[in-house]
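Asker: Below is the structure, and that's it, no one-letter string:
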């Protein structure tokens, strides 16, 4: 009984300590935002402008600093017809909340620093009833197609007075673009919207039209500005979109179109037949004519016959004109095969599709085409769902710190995620070529698929290239198709050769587009930057990695005494490499800031509040027989930085106290002897004598610090 009482006391002590740490870390956003609001406004330096002098010479000219006037949404038309000083900036604000104290000054400084921008918006959050800041909406940079689908601009925006006056002639065009009907200024008929808020929406649309914001960009610069700061605290009862949220809708084609559907396939005739049947049965539109090109890089003789039979017997109906089956024995190279399909097709639009796609509902192609036909739109993707589930396989690509990821992968689609990310139409940096539509002209303009990327990242590279040409890529999350990719796929990391190939192709991608390292205009830097976190949530940790202290190594010459190796201790390693690569990308050289490891670890079926975790490393080498193993019993242990992981809690809802299962670790370049080290975790139960240890296949290479 005494032993039980002692253990009960230790458990209570551990849980109390755990909950105290958790409370602090789970309130990190609120503390961070309060601290940011106390920071002084950064004073901007206006770029030097030049104008022609009396004698024809170019002389520097400083624009006068603007003044800011705050205008409630309900009074936007009261200033619309007033003549005003061109040096005035109007800051339009919703009545459903309040600006932070320094908001007007932040906006003023933005316009000083950015004379090229005449319109700007910013981020917002919600002020809870107890005064805590919650639910921050970190918005994308200017996203014209997202805006046409939802008023994501939200609670405030600002413009120069001269731009507002100049945009007045765009009123009727703006109302039409937003799907409303106008009777007179300030009176717009559109169901479910408050008049004052709708007026703000129409005004913003007028400004966007005037700024040519629904046109192709001339480069990487955006026509409308975005301040990546929370400047407004919304009232709890107010919908962030003010009644015009991301939704499903039916769109019309601008003109009849021809499409070539290109499908690489090998030795999957039955899978392909399901794909073809679903296309034919769901594509009945009089304005769409299409052909299908099947690229086979080496099926066996029996399957070649089946492919030929399916291609010849498929009914030519619902717009299908012909099926072209091309067989060419060659190594698998997705880019080469797709480019071959383009050369053997004639459609005005190109739809690249995996053979394991199954079209779910009529109208999907019309919806994708309605976006691809817009002059400013580049590649168009679609939401993909795992069959027989409501789990998302793809809802667009985000480019986080180290490269592209499928955000929301394996998250349930039966609810809306992060302000409608999986609903409606969104501009994104890219989409998967499992189902990707683009006009032939824009595809060729971007250079087609990169043939040096044979397996992975080729579709991402194409999307990045299209983005760099000034087009806006789109993902249609208001429609869905089924993707029969296995739910368990992703085990490539258990195959060293596939791991190496994936790493090389990933480095190739980011070298080709190095300016996109840790940058995605449609995915805020304030959202989680981790490629393994599929949920879209604000950054869980506001401590910069470079400010983490270097960890001290404890050397265990004879190993960890009393530790039992057990698979119930799970370890996920999400990054293990140099700090240079993490901070600056694959092209980084010369910083030599040591090493960084991060991931998560938990004990299955136990109260994780009772465990203290230590990351462990052991040096390994290859034996003469080719096997790899430890060089000896010596183990290095480190106390890691504890990382709040709400995504792990969501994924492991049946486990106890897994919110604080994340770890981060910085190691100085001089801490360890050079060599290869296997990564593991030690879990010490503070309520008993139990010690668990587990090793994972992940390896970190430590370089000789003297070289």
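Answerer: Now that the structure is in, tell me what you want to look at. These figures come from a predicted structure and were not determined experimentally. Residues are numbered from 1 along each chain as shown.
Asker: quick one: low-confidence parts of this protein?
Answerer: By pLDDT under 70, the weakly predicted segments of the chain are 1-6, 61, 80-85, 181-197, 486-500, 588-591.
Asker: which helix of it spans the most residues?
Answerer: Determined from DSSP state H, the single longest helix within the chain is helix 2-26.
Asker: and residue 689, what is it in contact with?
Answerer: residue 562 (C-beta atoms under 8 Å, 6 or more residues apart in numbering). C-betas here are computed from N, CA, C, even on glycine.
Asker: looking at this, it is in a helix?
Answerer: No. Looking at residue 689 with DSSP: H, G, I helix; E, B strand; the rest coil, it is coil, so not inside a helix.
Asker: shouldn't residue 161 be in contact with residue 89?
Answerer: Yes. Assessed by C-beta atoms under 8 Å, residue 161 is found in contact with residue 89 at 6.9 Å.
Asker: quick one, phi/psi of the residue positioned nearest the centre of the chain?
Answerer: Nearest residue to the geometric centre of the chain (C-alpha atoms, centre = their mean): residue 398, 2.4 Å. Main-chain torsions, residue 398, degrees, to the nearest 10: phi -110, psi 140.
Asker: what about it, distance to residue 365?
Answerer: Residue 398 is 25 Å from residue 365, where distance means C-beta to C-beta, to the nearest Å.
Asker: follow-up on the earlier one: what lies in contact with the longest helix of the chain?
Answerer: 540-541, 607, 609-610, 642, 644, 646, 657, 659-660, 686-688.
Asker: what kind of secondary structure is the closest residue to residue 91 other than its chain neighbours in?
Answerer: Among residues not flanking residue 91 along the chain, residue 158 sits closest, at 4.4 Å (C-beta to C-beta, 6 or more residues apart in numbering). Three-state assignment for residue 158 (three-state DSSP): strand.
Asker: and residue 158, what is it in contact with?
Answerer: 68, 89, 90, 91, 92, 107, 111, 119, 120, 121.
Asker: Assign a three-state SS to residue 615, would you?
Answerer: Per three-state DSSP, residue 615 ends up strand.
Asker: what separates it from residue 583, distance-wise?
Answerer: In terms of C-beta to C-beta, residue 615 sits 20 Å off from residue 583.
Asker: same question, residue 398
Answerer: Distance from residue 398 to residue 583, by C-beta to C-beta: 19 Å.
Asker: From residue 559, how far off is residue 637?
Answerer: 10 Å.
Asker: Now for the closest residue to residue 607 other than its chain neighbours: which residues touch it?
Answerer: What sits nearest to residue 607 in space, not counting adjacent residues and going by C-beta to C-beta, 6+ apart, is residue 656, at 4.7 Å. Counting by C-beta under 8 Å, 6+ apart, residue 656 touches 606, 607, 608, 609.
Asker: how about the strands of the stretch 401-550 of the chain, start to end?
Answerer: 403-406, 425-427, 435-439, 472-483 (DSSP state E, counting those that start in this stretch).
Asker: who's in contact with the residue lying closest to residue 159 once chain neighbours are set aside?
Answerer: With sequence-adjacent residues excluded and distances taken as C-beta to C-beta, 6+ apart, residue 159 is closest to residue 119, at 4.6 Å. The neighbours of residue 119, taking C-beta under 8 Å, 6+ apart as the test, are 157, 158, 159, 160, 163, 204, 207, 208, 211, 213, 224, 225.
Asker: Recalculate using a threshold of 6 Å.
Answerer: By C-beta atoms under 6 Å, 6 or more residues apart in numbering, the contact list for residue 119 reads 159, 207, 211, 224.
Asker: do residue 477 as well
Answerer: Contacts of residue 477 (C-beta under 6 Å, 6+ apart): 383, 395, 422, 423.
Asker: Make sure the last one is actually in contact with residue 414.
Answerer: Same thing as residue 423. No. In this structure, residue 423 is not within contact of residue 414 by C-beta atoms under 6 Å, at 11.6 Å.
Asker: between the two, who's got more neighbours?
Answerer: Each of residue 423 and residue 414 has its neighbours counted (other C-beta atoms under 10 Å); residue 423 has more, 21 against 7.
Asker: which residues does the more buried one contact?
Answerer: 246, 416, 477.
Asker: mind checking how far it is from residue 476?
Answerer: Distance from residue 423 to residue 476, by C-beta to C-beta: 11 Å.
Asker: Stretch 245-254: which residues count as buried?
Answerer: Within stretch 245-254, the residues that qualify as buried are 245, 246, 251, counting by 16 or more other C-beta atoms under 10 Å.
Asker: so how far is it from its chain's centroid?
Answerer: Its chain's average C-alpha position is 23 Å from that of stretch 245-254, according to C-alpha atoms, centre = their mean, to the nearest Å.
Asker: Residue numbering should commence at 728 henceforth.
Answerer: Fine by me, first position is 728 from now on; the one you just mentioned is stretch 972-981.
Asker: Show me what it is in contact with.
Answerer: Residues contacting stretch 972-981 (C-beta under 6 Å, 6+ apart): 876, 877, 1014, 1094, 1096, 1097, 1100, 1147, 1150, 1151, 1205.
Asker: ok, now with 7 Å
Answerer: 876-877, 966, 1014, 1093-1094, 1096-1097, 1100, 1147, 1150-1151, 1205 (C-beta atoms under 7 Å, 6 or more residues apart in numbering).
Asker: are any of those buried, and which?
Answerer: 876, 877, 1093, 1094, 1096, 1097, 1100, 1147, 1150, 1151, 1205.
Asker: Farthest-apart pair in those residues, please.
Answerer: 1100 and 1147 (23.7 Å; C-beta to C-beta).
Asker: what sits against residue 968?
Answerer: By C-beta under 7 Å, 6+ apart, the neighbours of residue 968 are 877, 878, 879.
Asker: gap between it and residue 1151?
Answerer: From residue 968 to residue 1151 the distance is 10 Å (C-beta to C-beta).
Asker: okay, the contacts of stretch 972-981 in JSON lines with distance to residue 1401 next?
Answerer: Below are the contacts of stretch 972-981 laid out as JSON lines (distance: C-beta to C-beta, whole Å):
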{"residue": "876", "distance to residue 1401": "54"}
{"residue": "877", "distance to residue 1401": "53"}
{"residue": "966", "distance to residue 1401": "57"}
{"residue": "1014", "distance to residue 1401": "65"}
{"residue": "1093", "distance to residue 1401": "60"}
{"residue": "1094", "distance to residue 1401": "56"}
{"residue": "1096", "distance to residue 1401": "57"}
{"residue": "1097", "distance to residue 1401": "58"}
{"residue": "1100", "distance to residue 1401": "57"}
{"residue": "1147", "distance to residue 1401": "50"}
{"residue": "1150", "distance to residue 1401": "51"}
{"residue": "1151", "distance to residue 1401": "52"}
{"residue": "1205", "distance to residue 1401": "54"}
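Asker: With respect to residue 900, which of these is nearest?
Answerer: Within those, the smallest distance to residue 900 is 17.5 Å, found for residue 876 (C-beta to C-beta).
Asker: Run a quick check on the closest one versus residue 1152, I expect a contact.
Answerer: Yes. Using C-beta atoms under 7 Å, residue 876 is in contact with residue 1152, at 4.4 Å.
Asker: what about residue 757, neighbour count?
Answerer: Around residue 757 there are 16 residues (other C-beta under 10 Å).
Asker: check which helix or strand covers it.
Answerer: helix 755-765 (DSSP states H and E).
Asker: what's the answer for residue 1304, then?
Answerer: strand 1296-1305.
Asker: what helices or strands is the helix or strand just after that strand leaning on?
Answerer: Downstream of strand 1296-1305, the first helix or strand assigned by DSSP H and E is helix 1306-1311. Judged by 3 or more C-beta pairs under 7 Å, 6 or more residues apart in numbering; DSSP states H and E, helix 1306-1311 is in contact with strand 1322-1330.
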